[in-house]
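K.L.:
Just the structure for this:
(chains A and B, ligands or ions: 2)
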Amino acid sequence: MENHNVINTPIDPKQIKGWGIDADPKNDPTYPMRARMNISQDPDFKHRPEALQPVETEVLRSIERPNVSAVFGTPEPPSGLSGIIRRFAFHFSENQYPHWLPLLLADRVNVVEGVVDDLVHGHVPNIFAEKGYKAEWKHSPQTLVLKMAAFTAVTAGTILWLSSGNKKKKPVKRSRF
Amino acid sequence: MLAMEYRGPKRVRAVQKPMPEIKHPQDAIVRVLRTCICGSDLHLYNGNVPDTRVGSTFGHEFVGEVVEIGTDVTKLKVGDRVIVPFNISCGECHFCRQGMFGNCHESNTEATAVGGIFGYSHTAGGFNGGQAEYCRVPYANVGPTIIPEGMDLDDAVLLTDVVPTGYQAAEMAGIQKNDTVVVFGAGPIGIMAARCAWLFGAGRVIIIDQEDYRLEFARNYSYCEAYNFNEIGDPVLFIKKITDWLGADCVIDAVGAEAAGNLLQTITGRKLLLQAGSATALHWAINSVKKGGVVSIVGVYGPTDNLVPIGNMMNKGLTMRGNQTSVKRLLPRLIEHVQNGVLNPKGLITHRIPLEEVADGYRMFSAKLDNCIKTVMMPPTANQ
Ligand SMILES: [Zn+2]
Ligand SMILES: [Zn+2]
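P.N.:
Ligands and ions are numbered 1, 2, ... in the order given. Down below sits the predicted model:
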């Protein structure tokens, strides 16, 4: 097969507008990790902004910091089962797997909670629209058809298997933790 | 107000949400005029970033008009149109004072490794983002920068992340005059990094990806050589071969944890989730750079470790850098470059959609449909 991609002819960089205008011997790999800003103030690790955002909702915080940061987001306070898992995760430092893995698990649980919450509020989520399949149908219908066929096959297979009357012992859903 | 809302992996929608409120005296509320979908939003969209709660609004790339300010806001007034850097920085802490605005210590309670970022999970501070009609902007005296007279809003919105991140990727690569620079990943950031490498005096810039339409775009936009890794065989061997078997002087990883290109990494990292994503691009970067060279990482990796060839890094005496971009530090210089025509950010935009169609926008970008490079979204209130 002809390799049509290897058609690159290197150009003379000096023709490119702006070539070399930011070349600077000070652009060494340690910049700007140490005070090099000429701002006449040395970093002050104790300094905090004057005003602190009041804590009105439950805010989880890393055990690596002594206090709540001066500002923080407040959109989705931990709640439900996912909230319990998240609170557990924050007993561990950022250096520990028991911090990150439960958070990922909580995210999965939270998705189910989201669907339940939708239904409780009388809203049936339009999964087709939320997954943006309209765009996929428009630009890549064959991919979508394949996906749907695979989904249908798996669903049909599962229903057949569940309704086969063969009541072997149900597989225990094993957690990864 | 209308806002994008996350419902679970690969599921988002546009919904009505309460208006954001001033929570801190230095807060401002901004009416969003332009907002983008970013490659790093896909990590959230795919459910890979811990503590991404259902109901959150994404969007760390937005520009807008100030509609309300807190009592301590002195640098902005209602009616100002502002570029809002994607990172939230206090301007006063240990790190902000070193110019590391992307590492602020006073904008995120949940983690110390990363500062606050708009619309980027609770791990990055739990802030709602700008893919909405209105957004709360903390520390309004620090980050937001007034859009210069005559600057196109499309150029302005790319100054919130893509341009500074591409530029800082090149800066962190420590490029010296006539260096050979390799960029892995031809998404918007990789394309911008390749373009900016010339500003630091690169002698040769090479970009590697697997989508021909992105490579073609990079060739035209960034004037670089562009190669499809499916066609060149082993990309590391290929780079060695075209650099007299020495390797590149500098390599930029603009891919992160969702790299294609290595079946083992894809299966263990992306399908089975035994690693926090696949580290293919990082492997390639470490192995294709010259001894004594620099690896610059701007691709997003998970907080847990991967099977990274860290031994090679030590043996080869590499310098490896990575960081969230300090947008505020770079903005003055980059605004200059845009005004002087050295950089043309809006040239990256391939799609414009109304915010109502956010689910389709995410699908198109994540599935690389319709040759999508960069999508700008317009909230319904943007044209008032
Ligand atoms: Zn971004
Ligand atoms: Zn700070």
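
K.L.:
The longest helix seen in chain A vs chain B: in contact?
P.N.:
Among the elements of type helix in chain A, defined by DSSP state H, the one spanning the most residues is helix A:97-120. Yes: contact of helix A:97-120 with chain B (CB under 8 Å from any CB of the partner chain) involves A:97, A:100, A:103-104, A:106-108, A:110-111, A:113-115, A:117-118. For every residue, glycine as well, the C-beta is placed using N, CA and C.

K.L.:
Show residues contacting the very next helix or strand once past that helix.
P.N.:
Past helix A:97-120, heading to the C-terminal end, the next element that is a helix or strand (DSSP states H and E) is helix A:127-130. The contact list for helix A:127-130 (CB atoms under 8 Å, 6 or more residues apart in numbering or on different chains) reads A:134, B:7, B:11-13, B:359.

K.L.:
Which of the residues in helix A:127-130 are classified as buried?
P.N.:
Within helix A:127-130, the residues scored as buried using 16 or more other CB atoms under 10 Å in any protein chain shown are A:129-130.

K.L.:
now stretch B:250-267
P.N.:
If you call a residue buried by 16+ other CB under 10 Å, then stretch B:250-267 has these buried ones: B:250-262, B:265-266.

K.L.:
looking just at contacts, which helices and strands does the longest helix of chain A meet?
P.N.:
Helices and strands touching helix A:97-120, by 3 or more CB pairs under 8 Å, 6 or more residues apart in numbering or on different chains; DSSP states H and E, are helix A:80-89, strand B:2-8.

K.L.:
And those: which comes nearest ligand 1?
P.N.:
Each of those has some distance to ligand 1 by CB to the ion; the shortest is strand B:2-8, at 14.3 Å.

K.L.:
report the angle between the axes of that closest one and helix A:97-120?
P.N.:
Between strand B:2-8 and helix A:97-120, the angle comes out at 120 degrees (axes from the mean of the first three to the mean of the last three CA atoms, to 10 degrees).

K.L.:
Show me what secondary structure element comes after strand B:2-8.
P.N.:
strand B:11-16.

K.L.:
Return the distance of the next helix-or-strand element following that next one from the chain's centre.
P.N.:
For strand B:11-16, the following helix or strand on the C-terminal side (DSSP H and E) is strand B:28-37. Shown here is strand B:28-37, whose average C-alpha point lies 17 Å from the average C-alpha point of the whole chain (CA atoms, centre = their mean, to the nearest Å).

K.L.:
Can you list the strands that strand B:28-37 pairs with?
P.N.:
Looking at strand B:28-37 with DSSP bridges, its partner strands are strand B:62-69 (antiparallel), strand B:134-137 (antiparallel), strand B:375-378 (antiparallel).

K.L.:
mind checking the SS state of residue B:266?
P.N.:
The three-state assignment at residue B:266 reads helix, by DSSP: H, G, I helix; E, B strand; the rest coil.

K.L.:
That one - nearest residue in space that isn't next to it in sequence?
P.N.:
residue B:278 (5.3 Å; CB to CB, 6 or more residues apart in numbering or on different chains).

K.L.:
what does the stretch 101-250 of chain B have sitting close to ligand 1?
P.N.:
Residues of the stretch 101-250 of chain B lying close to ligand 1 by CB under 5 Å from the ion are residue B:161.

K.L.:
Provide the strand pairings for the helix or strand where residue B:249 lies, with the direction of each partner.
P.N.:
Here residue B:249, judged by DSSP H and E, is contained in strand B:248-253. Partner strands and pairing direction for strand B:248-253 (DSSP bridges) are strand B:180-184 (parallel), strand B:289-297 (parallel).

K.L.:
lowest average confidence, helix or strand, in chain A?
P.N.:
With mean pLDDT, DSSP states H and E as the measure, the helix or strand of chain A carrying the lowest mean pLDDT is helix A:141-162 (a mean of 82).

K.L.:
could you say what helices and strands that helix packs with?
P.N.:
Under the contact criterion of 3+ CB pairs under 8 Å, 6+ apart, the helices and strands touching helix A:141-162 comprise helix A:133-139.

K.L.:
Provide the contact partners of the helix it packs on at residue level.
P.N.:
When contacts are taken as CB under 8 Å, 6+ apart, the neighbours of helix A:133-139 outside the stretch itself are A:128, A:143-144, B:357, B:359-361, B:363-364, B:367, B:369-370.

K.L.:
Put the buried members of these into a PyMOL selection.
P.N.:
Listed next is the PyMOL selection for buried residues among the contacts of helix A:133-139, using 16+ other CB under 10 Å:
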select buried, (chain A and resi 144) or (chain B and resi 357+359+360+361+363+364+367+369)
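
K.L.:
Next, format the contacts of helix A:133-139 as CSV and append secondary structure and distance to residue A:57.
P.N.:
Below are the contacts of helix A:133-139 laid out as CSV (DSSP: H, G, I helix; E, B strand; the rest coil; distance: CB to CB, whole Å):
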residue, secondary structure, distance to residue A:57
A:128, helix, 34
A:143, helix, 42
A:144, helix, 40
B:357, helix, 31
B:359, helix, 28
B:360, helix, 33
B:361, helix, 30
B:363, helix, 32
B:364, helix, 35
B:367, coil, 36
B:369, helix, 39
B:370, helix, 41
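
K.L.:
between the contacts of helix A:133-139, which is nearest ligand 1?
P.N.:
Closest approach to ligand 1 among the contacts of helix A:133-139 (CB to the ion): residue B:361, at 14.1 Å.

K.L.:
I'd like to know how far that closest one sits from chain A.
P.N.:
Using CB to the nearest CB, to the nearest Å, residue B:361 is found at 7 Å from chain A.

K.L.:
Most neighbours among the contacts of helix A:127-130, which one is it?
P.N.:
Among these, the one with the most neighbours (other CB atoms under 10 Å in any protein chain shown) is residue B:12, at 29 neighbours.

K.L.:
Where does the stretch 101-250 of chain B get nearest to ligand 2, which residue?
P.N.:
Checked against ligand 2 (CB to the ion), the nearest residue in the stretch 101-250 of chain B is residue B:104, 3.2 Å away.

K.L.:
give the contact list for that residue.
P.N.:
Contacts for residue B:104 were tallied using CB under 8 Å, 6+ apart; they are B:87-90, B:93, B:95-96, B:115-116.

K.L.:
Could I get the pLDDT score of it?
P.N.:
Residue B:104 carries a pLDDT score of 91 in this model.

K.L.:
any idea whether residue B:255 is helix, strand or coil?
P.N.:
Secondary structure state of residue B:255, per three-state DSSP, is coil.

K.L.:
what's the helix or strand for residue B:330?
P.N.:
Taking DSSP H and E as the criterion, the element that holds residue B:330 is helix B:327-339.

K.L.:
Establish whether that helix and ligand 2 are in contact.
P.N.:
No: when contact is scored as CB under 5 Å from the ion, no part of helix B:327-339 falls within range of ligand 2; the minimum is 10.3 Å.
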